[in-house]
Each structure stands twice: as C-alpha cells, then as structure tokens.
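Undergrad: Please work out how this folds:
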Amino acid sequence: MENKSFNAPEESGLHYYLFHLVWDDDYYGESIHGFKLTVRE
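TA: Numbers count the residues shown, from 1 in each chain. Next comes the predicted model:
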C-alpha cells in the first residue's frame, strides 16, 4: 500500500478486510488489522 489510502467498494453489503503492515524505516515492526465495512446504497 504505497499511497496509504483505501477505496471502499461500490458494491453494497458487508466486506471483510485483513491488513498486514510491516515497517522497517526508523523503527521495525508489524501489525495485523482486521475489520468489516458496510456499504449501503
């Protein structure tokens, strides 16, 4: 994810996402984020 943004889908309903982030510039670390997104018409 180079542009550090996320576009929501246009299709209505529940969407589930899992992001695995790793950074190693000034600090080293990683994290995992899971979430659901509800898109309505």
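
Undergrad: Wait, Ala8 touches Thr38, no?
TA: No: Ala8 lies out of contact with Thr38 (C-beta atoms under 8 Å); the separation is 9.8 Å. C-beta here means a position set from N, CA and C on the backbone, and glycine is covered the same way.

Undergrad: what touches both of the two?
TA: Residues touching both Ala8 and Thr38 (C-beta atoms under 8 Å, 6 or more residues apart in numbering): His15.

Undergrad: and the residue of the chain most remote from its centre, backbone torsions?
TA: Distance to the chain centre peaks in the chain at Asp26, reaching 22.3 Å (criterion: C-alpha atoms, centre = their mean). Per-residue torsions, Asp26: phi -70, psi -30 (degrees, to the nearest 10).

Undergrad: got it, and Glu10?
TA: With angles defined as degrees, to the nearest 10, Glu10 sits at phi -80, psi -20.

Undergrad: ok, the nearest residue to it once chain neighbours are set aside - contacts?
TA: For Glu10, ignoring the flanking residues on the chain, the nearest one in space by C-beta to C-beta, 6 or more residues apart in numbering is Val39 at 7.3 Å. Counting by C-beta under 8 Å, 6+ apart, Val39 touches Ala8, Pro9, Glu10, Glu11, Ser12, Gly13, His15.

Undergrad: Please narrow these to those residing in helices.
TA: Among those, DSSP state H puts none in helices.
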